[in-house]
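Student: Structure here, sequence nowhere to be found:
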């Protein structure tokens, strides 16, 4: 996989096409408590290195779609994961804010 980012629409299209994926929210616990995407897993950015083995295992079976608030932290996480050899991962462009605007308005904005 060469692309680093997918739009929220591309994420939905891939999921609807039956592609296996795991949503990884790399925001902090307090942000997670404000709003979240249903079915996502919270893995705060600072905990990613300590959970590398777990994330590698998930990436063996499904695409990791990492997101944050606006897409900056998630892009950093994806770049770091790829540098560790985890290639089956992408950042969701625009983060949860864009998801709320374009996909699911029931997801809160802050």
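Tutor: Perfect, thanks for sending it. Note that the structure is a prediction, hence the values are computed from the model and not measured.
Student: can you tell me which residue is nearest the centre of the protein?
Tutor: The centre of the chain sits closest to residue 66, judged by C-alpha atoms, centre = their mean, with a distance of 1.7 Å.
Student: Show residues contacting the host helix or strand of that one.
Tutor: Here residue 66 sits within strand 63-67, counting by DSSP states H and E. Contact partners of strand 63-67, identified using C-beta atoms under 8 Å, 6 or more residues apart in numbering, comprise 1, 6, 11, 14, 19-26, 37, 40, 55, 58, 74, 77-78, 81, 86, 88-92, 95-96, 99. Where you see a C-beta, it was placed from the backbone N, CA and C, and this is true even at glycine.
Student: go on, stretch 17-26?
Tutor: Contacts of stretch 17-26 (C-beta under 8 Å, 6+ apart): 11, 14-15, 32, 36-37, 39-45, 48, 55, 58, 61-68, 73-74, 77, 96.
Student: Can you pull the poorly scored residue ranges out of this protein?
Tutor: 1-2 (pLDDT under 70).
Student: show me where it has helices.
Tutor: Applying DSSP state H to the chain gives helices spanning 8-16, 29-34, 52-61, 72-83, 95-102.
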